[in-house]
Each structure stands twice: as C-alpha cells, then as structure tokens.
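[1] Have a look; sequence and predicted model below, questions after that.
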Amino acid sequence: MTLRQAQGERVGVLGAGAWGTALAQMLASDGRDVLIWARESELVAEINSAHTNSVFLPSVTLAKTIRATGDLAEMAALDTLLVVTPAQHMGSVLEAMPSHPRDLVLCSKGIEAGSGRLMNHVAKSAAPGSAVAVLSGPTFAHEVAAGLPTAVTLACADGEAQWDRLALVIARQTFRPYYSDDVIGAEIGGSVKNVLAIACGVVDGLGLGQNARAALIARGYAEMLRFGETLGAQAATLAGLCGLGDLVLTCSSTSSRNFSLGKALGEGQKAEDLMADRKTVAEGAHTAPVLVELAARHGIAMPIVTAVYGLLKGDEPRAVVSDLLARPLRAEQGRPG
C-alpha cells in the first residue's frame, strides 16, 4: 500500500477508554479523520462538543478530526478498526456489529474468562471475514496521546500482506510499529505481564525494595516464557517489545493500573474494595484466574501468577511472599520454578 492509499483508509477505534482515546489521538496526529465508538452517550457528546474525555483521559485536548459515535454500524463500514474494548467484553461487542471491517487490530490485553480463549480466537469467531492483527507493547496511554516516542509490536495473522496494508495506516512520526507474524506471542506477552505487574506493585506496597522487584520481573518473565512456548508463542517475540519490553515498563510505574492495584494490595487495602472502586479496568485482575486455570490444565509452573490470584482472593500479602520465598531451591534455567 502506498502512502497516498494509506491516507485514504477509513480508520476507527472501538472503545473510548484511556487507551482507545490515546490511540485515536495518535491516529489523528497526521490530520486524518478518526471515528471512535463509546458505549456511553454522555461521552460521545463530550468528545464531539468539548473534544475531551474527562473520565478516562482528562489530560488531553482531542484533535478536531476525531468524531465519536455510539452506532456500531458506523464502525462496521470502516476499512481498519482498532479494537480497544475491555478484554472480557470484546466478543460481545464484535458480535453486536452488523458486519465487520476488513482488518481488526486487537489492542486489548487479556484472556477470555470461562473459555480461556485468546483475543485473536475470540475475534476470529465473532468476525470470521476479517483479517486479525494484534498491537501490543510498552505503552502508557497518556504518553502516546502526548505524542511521546513509542514502539510496539504489530503481529499480523495474515503475514506480510496484511502488514503492508496496516503499517502505513498505523505508523506515525512518534509511533513506530515493528512487524511480527506471531499473534499468539504478542497476545500472551501483554496478558501475562498485566498479572506480573500486580505482583510488582505488591512488592512496592510492602516496601520490599528494588532487589525484590528485579528478581520478580526476571522470574515472572520465566513464567511468561514457559506459558507462551507451551501455547505456541515464539521465545523471540516474548523477548521483544510486547513481552519483556511491556513487562519492564508496567512493573516499574504507578502509571500502570495493574501496578497501582498491586501497590494498594501491598499497603493493606482489600481487593474487593479496590475492584469495586475502579473507573478503569486493571485487566490483570481478570486474567489471573484464567492463567491459573490454563497453567494447571497444561502442567505449567507459574508460582508468581498463582500468588497474585491468591492475593486477589484475599490472601495476606506478607504470607504470600513468605510462601514464595520458602519454595524449594533449584536451578535458574531448565527446571520449573
């Protein structure tokens, strides 16, 4: 696809949370029209009249070329659609559309509860006529919306032909996609790191220090590799932007919703209170029980993920840490743990 053809592509964003709004702002940075779908009629009206999203991304004045709608039929008429709904609702939203765009770019990080399906499997089931890609990497919404330099993995299920269509549609001067055809790896990296970020937040909330956090990131990455390779991901993908890169970012900053949730747990707040009071979704809290179930089904050792699940069920943080530290000593490489 030429640059002129890419500029003529009709593009939109399904979901007007912080990440969806940031992606719409990024796409509009070259002056193109961008359509964004929001479930809430009040938010549609605010975006179109005030060019703001005061609930989910209040720090940004949105481009005038961004238009909001609550009509899924409008989204279906686009060429390329970035899907940024919460992972647990993606299937139902796609199924509610009368038809689907040529390309669906999945930007939600999670695994479907109940079925254990990855998002690309959910999308292919709901929209079998669309080509599916996954966009994932180390990204904070407010930085992307501000135009700060960002690099991501764009994993294309239909390979280089799809990449040729999408790369120029999505790339901007400060938003750089890198090609992959490993859709499973791109998804698993983002999904698992959300759970590990909760664990890192707990370490911070308990005041256990930088050594402990670095160790947790490294051992958590080992769990990500074991899980990913068992499900068909490529190790090289998980070592890149959408795996290790995203893990390092999300496990180091309170700008991460998952890290913030873990920090509050470590400081003694109750999981049920924290989840009930959140306007935005910490996807890791929904992914943790699904990961534990899948790990058990496949015989994969994931002690840190299992510990996070326990914390979310109400286990006492210091007791959970003590249990992890009491695990049998073993080799760093080659044996689970």
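    Okay, I see it.
[2] got a list of contacts for stretch 286-301?
    Residues outside stretch 286-301 that contact it (CB atoms under 8 Å, 6 or more residues apart in numbering): 87-88, 109-113, 116, 191-192, 194-195, 198, 223, 226-227, 230-231, 302, 305-306, 308-309, 312, 336-337. C-beta: built from backbone N, CA, C; applies to glycine.
[3] at 7 Å instead, please
    Residues outside stretch 286-301 that contact it (CB atoms under 7 Å, 6 or more residues apart in numbering) are 87-88, 110-111, 113, 116, 191-192, 194-195, 226-227, 230, 302, 305-306, 308-309, 312, 336-337.
[4] cool, and stretch 252-262?
    Contacts to stretch 252-262, defined as CB under 7 Å, 6+ apart, come from residues 140, 194, 197-202, 205, 250-251, 263, 274, 280, 282, 284-285.
[5] Narrow the contacts of stretch 286-301 to just the buried residues.
    Taking 16 or more other CB atoms under 10 Å as the criterion, what is buried in these is 87-88, 110-111, 191-192, 194-195, 226-227, 302, 305-306, 308-309, 312.
[6] Which ChimeraX command selects the buried ones in the contacts of stretch 252-262?
    Command for ChimeraX, covering only those of those found buried under the criterion 16+ other CB under 10 Å:
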select :140,194,197,198,199,200,201,202,205,250,251,263,274,282,284,285
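[7] Out of the contacts of stretch 252-262, list just those in helices.
    194, 197-202, 205, 250, 263, 274, 284-285 (DSSP state H).
[8] would you list those in a markdown table and tack on pLDDT and distance to residue 58?
    Formatted as a markdown table, the ones in helices among the contacts of stretch 252-262 follow (pLDDT from 0 to 100; distance: CB to CB, whole Å):
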| residue | pLDDT | distance to residue 58 |
| --- | --- | --- |
| 194 | 93 | 23 |
| 197 | 94 | 23 |
| 198 | 94 | 24 |
| 199 | 95 | 29 |
| 200 | 94 | 26 |
| 201 | 94 | 23 |
| 202 | 95 | 28 |
| 205 | 95 | 25 |
| 250 | 87 | 21 |
| 263 | 94 | 21 |
| 274 | 87 | 21 |
| 284 | 87 | 23 |
| 285 | 91 | 23 |
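[9] mean confidence for stretch 147-162?
    Mean pLDDT, computed over stretch 147-162, is 97.
[10] List the buried residues of that stretch.
    150, 152, 153, 154, 155, 156, 157, 162.
[11] between those residues, which is nearest residue 171?
    Here the nearest of those to residue 171, counting by CB to CB, is residue 154; it sits at 8.8 Å.
[12] what residues are up against that closest one?
    Residue 154 neighbours (CB under 7 Å, 6+ apart): 133, 135, 163, 166, 170, 177, 178, 179, 180.
[13] And the host helix or strand of the fourth one, what does it pack against?
    What it means is residue 166. Per DSSP states H and E: residue 166 is located in helix 159-170. When contacts are defined as 3 or more CB pairs under 7 Å, 6 or more residues apart in numbering; DSSP states H and E, helix 159-170 packs onto helix 3-7, strand 103-106, strand 131-136, strand 150-156, strand 175-180.
[14] Swap in 6 Å and give it another go.
    Counting contacts by 3 or more CB pairs under 6 Å, 6 or more residues apart in numbering; DSSP states H and E, helix 159-170 is packed against helix 3-7.
[15] Residue 274 and residue 219, how far apart?
    25 Å (CB to CB, to the nearest Å).
[16] now stretch 318-332: how far from the chain's centre is it?
    Here stretch 318-332 is found 29 Å from its chain centre; the criterion is CA atoms, centre = their mean, to the nearest Å.
[17] Residue 206 - how many residues pack around it?
    Residues lying near residue 206 (other CB atoms under 10 Å) number 19.
[18] per-residue pLDDT, it?
    As predicted, residue 206 sits at a pLDDT of 96.
[19] could the ones in helices among the contacts of stretch 252-262 go into TSV alongside distance to residue 100?
    Below are those laid out as TSV (distance: CB to CB, whole Å):
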residue	distance to residue 100
194	26
197	31
198	33
199	36
200	37
201	36
202	40
205	42
250	30
263	39
274	35
284	28
285	29
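[20] Closest to residue 25 out of these?
    The shortest gap between residue 25 and any of the ones in helices among the contacts of stretch 252-262 belongs to residue 250, at 20.7 Å (CB to CB).
[21] ok, the closest one touching residue 197?
    Yes - counting by CB atoms under 6 Å, residue 250 does reach residue 197; the two are 4.2 Å apart.
[22] Endpoints of stretch 228-244, how far apart?
    For stretch 228-244, the first-to-last residue distance is 12 Å (CA to CA, to the nearest Å).
[23] buried residues in that stretch?
    Residues 228, 233, 234, 237, 238, 239, 240, 241, 242, 243, 244 are the ones in stretch 228-244 that count as buried (16+ other CB under 10 Å).
[24] what's it in contact with?
    If you take CB atoms under 6 Å, 6 or more residues apart in numbering as the criterion, stretch 228-244 is touched by 136-137, 151-153, 180, 182, 184-186, 188-190, 224-225, 298, 300.
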